[in-house]
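Engineer: coords please:
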Amino acid sequence: MHANALAPGWGQTIFQSANEINANTVLRRRLEEIEAKTDAEVEWWEKRRAAIQQDFMKELDNEAGSVAGSVRGPGSVAGSVKGGSDEDGVLVDSGSTTTAPNTPGSAKKKKGGKK
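Structural biologist: As a prediction, the model looks like this:
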């Protein structure tokens, strides 16, 4: 009422501005709380990443040991688990009954003879 006595509609303007100032203050406090937690969270994620990486390296070492110590039978391919080119580990299905497009017998005979 006192603000409206100074100018008509002034009370609504004052309360709207005060509400926006309060919301901004609450938002800034919350943002400061979140930023205060970032250092601790970054440290936790770095530790977590290092632990996962160690687990993967142990798993790779275990696989490398089992591949190196396994008996290779006929048709097996010897190769290294670590390093190598993109061609390492390519599987070929030798039991397939399909033929490649450019092999003899793969072309179909045309009926009618029109060209």
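Engineer: so how far is residue 8 from residue 37?
Structural biologist: As judged by Cβ to Cβ, to the nearest Å, residue 37 and residue 8 stand 47 Å apart. (Each C-beta comes from the backbone N, C-alpha and C, glycine too.)
Engineer: Correction: the previous question concerned residue 1.
Structural biologist: Distance from residue 1 to residue 8, by Cβ to Cβ: 12 Å.
Engineer: If you count surrounding residues, which of these two has more?
Structural biologist: More crowded of residue 1 and residue 8, by other Cβ atoms under 10 Å: residue 8, with 9 against 5.
Engineer: just the helices in the chain please.
Structural biologist: 2-6, 10-69 (DSSP state H).
Engineer: Pull the number of nearby residues for residue 64.
Structural biologist: Around residue 64 there are 13 residues (other Cβ under 10 Å).
Engineer: Report pLDDT for it.
Structural biologist: pLDDT recorded at residue 64 is 78.
Engineer: Then residue 96?
Structural biologist: For residue 96, pLDDT reads 52.
Engineer: And for the one 3 residues further on?
Structural biologist: You'll see residue 99 listed with a pLDDT of 51.
Engineer: And residue 4, by the same measure?
Structural biologist: 75.
Engineer: how far away is residue 21 from residue 30?
Structural biologist: Look at residue 21 and residue 30: by Cβ to Cβ, they are 15 Å apart.
Engineer: Which strands or helices does the worst-scoring helix or strand of the chain on mean pLDDT pack on?
Structural biologist: In the chain, the helix or strand scored least confidently by mean pLDDT, DSSP states H and E is helix 2-6, which has a mean of 76. Contact here means 3 or more Cβ pairs under 8 Å, 6 or more residues apart in numbering; DSSP states H and E; on that basis helix 2-6 packs against helix 10-69.
Engineer: Tell me which other helices or strands the helix it packs on touches.
Structural biologist: Using 3+ Cβ pairs under 8 Å, 6+ apart: helix 10-69 touches helix 2-6.
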